[in-house]
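Colleague: sequence plus predicted model, see below.
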Amino acid sequence: MALDQKKEDKRVGINELNSLDNLKFKYLSAILKNKNRKAANTLAAYGNFLNKRGIKVQFFPLYMQIFATNSSYAVDALLDDLVPEQFLEFIEPNQKITESVFTILNESDPHEIYRQTMRVFCGYLGRMYESVDYGYSIFQPTIVEINNLAKNLDESRDQDEDLNRDILDILLFISDMDTHDQTDPVKQAVARQASSIRSDFFDNNRKLVNSVPSEILNKDSSKESPTTPEYVYID
């Protein structure tokens, strides 16, 4: 009887732990969805909490969740006193983080991503693809992904604007794969698309729409903006 009771106590304990995990997931998910002022308040505090814990490799999935919310308040709290372009320098480039970056780029509208977040992404991608064969061996971007990076170029500003310069440099690194001895047709196509986008940006008689499909360059008018918090708690 005592053994049966111990088994039952253990089973109940496991159920309680599972219930607690479900509650944690439920409320963290509600915060990250940022659908109301209370969630927005907590999201900014969450970004501040992660910043004060110090930048750590094991927190990478949490950082990407913050970036994905596109809340300028939460991102500013996360990046407080840090240089955005250097934020991910502590992480060796890898497939997982690069997939996460391109997923956010792919799912966003042109110029929708908060500027500080774009600075983080460009710093990471620039470092990764500066040695393009090394970067390509880790993650092979598709033409669609190259287009989704390029849609954040600002044609109303010149090439020396900070984000324009960073994006153009990444495209230049990728275009360098198109060499005379290149035998991989997929790699060559991606490199030539990056080169075409750069050419269209620099040519005053052409526009990005000449190389990037219009559906990628168009904004989704039905998208809601991130919720603004009532206040921001910074320790």
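Modeller: All right, it came through fine. This one's a predicted model, so the numbers in the text were calculated from it and none came from an experiment. Residues are numbered from 1 along each chain as shown.

Colleague: can you map out the helices along the chain?
Modeller: Per DSSP state H, the chain carries helices over the ranges 2-33, 37-52, 60-69, 72-78, 95-107, 115-129, 132-138, 143-150, 162-175, 185-202, 214-217.

Colleague: looking at these, which one is packed in the most?
Modeller: helix 72-78 (a mean of 23; mean count of other C-beta atoms under 10 Å). (C-beta placed from N, C-alpha, C; glycine too.)

Colleague: residues in contact with it?
Modeller: 34, 40, 43-48, 50-51, 63, 66-67, 114, 116-117, 226, 228-229, 232, 234 (C-beta atoms under 8 Å, 6 or more residues apart in numbering).

Colleague: before we move on, back to that, residue 84 is nearest to which of the helices of the chain?
Modeller: Among these, helix 115-129 comes nearest to residue 84, with 3.7 Å by C-beta to C-beta.

Colleague: OK, contacts around the residue lying closest to residue 88 once chain neighbours are set aside?
Modeller: Distance criterion C-beta to C-beta, 6 or more residues apart in numbering; nearest residue to residue 88, sequence neighbours excluded, is residue 124 at 4.4 Å. Applying C-beta under 8 Å, 6+ apart to residue 124 gives the contacts 87-88, 91, 93, 97-98, 101.

Colleague: 10 Å - rerun?
Modeller: The neighbourhood of residue 124, defined by C-beta atoms under 10 Å, 6 or more residues apart in numbering, consists of 84-89, 91, 93, 97-98, 101, 170.

Colleague: is it true that residue 146 touches residue 187?
Modeller: No: Residue 146 is beyond contact range of residue 187, at 11.9 Å (criterion: C-beta atoms under 10 Å).

Colleague: quick one: residue 218 and residue 208 touch, right?
Modeller: No: with contacts counted by C-beta under 10 Å, residue 218 stays clear of residue 208, the gap being 11.6 Å.

Colleague: which pLDDT value belongs to the most centrally placed residue in the chain?
Modeller: Closest residue to the average C-alpha location of the chain: residue 101 at 3.5 Å, with C-alpha atoms, centre = their mean. Listed pLDDT for residue 101 reads 97.
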